[in-house]
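Trainee: coordinates only, sequence not included:
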């Protein structure tokens, strides 16, 4: 079973940037789709971005398009979420997730990490 460990969260001012990392262990992420989710206080966990198994296709929710970029380094067994022009409404716990073997960029997903907190101050 795969284990996922997110890192890179923190406190940043509006307009700032962060890069989240998700290191996988216990299994390779090669040939698996990967995604990022977030859960804001009082809200349900929601999909943010996904990347297909080949790293060729990405998918984003409208609220982060043009600001967030998902990428993967299969050699490092790691997925990244680069976030630019952060807004207070991006404040949430961010989780990475693994999808299916040869999966597409919009899921489904079946394993999640423990999350990393991102707080954007105004």
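Mentor: That came through, no problem. For clarity, every value in this text was computed on a predicted model and none was experimentally measured.
Trainee: what is the least confident helix or strand in the protein?
Mentor: strand 111-112 (a mean of 94; mean pLDDT, DSSP states H and E).
Trainee: next secondary structure after that one?
Mentor: As assigned by DSSP states H and E, the chain's next helix or strand after strand 111-112 is strand 116-121.
Trainee: and that next one, what other elements does it pack with?
Mentor: strand 10-13, strand 18-25, strand 92-101 (3 or more Cβ pairs under 8 Å, 6 or more residues apart in numbering; DSSP states H and E). For every residue, glycine as well, the C-beta is placed using N, CA and C.
Trainee: so what's the residue nearest in space to the middle of the chain bridging to?
Mentor: Central residue check for the chain by Cα atoms, centre = their mean: the C-alpha nearest the mean position is that of residue 36, 2.6 Å away. Note on residue 36: beta-bridge partners by DSSP bridges are residue 49, residue 96.
Trainee: do you know the pLDDT at it?
Mentor: Confidence at residue 36, expressed as pLDDT, is 98.
Trainee: residue contacts, it?
Mentor: Under the criterion of Cβ atoms under 8 Å, 6 or more residues apart in numbering, the neighbours of residue 36 are 20, 22, 47-50, 70, 79, 81, 94-97.
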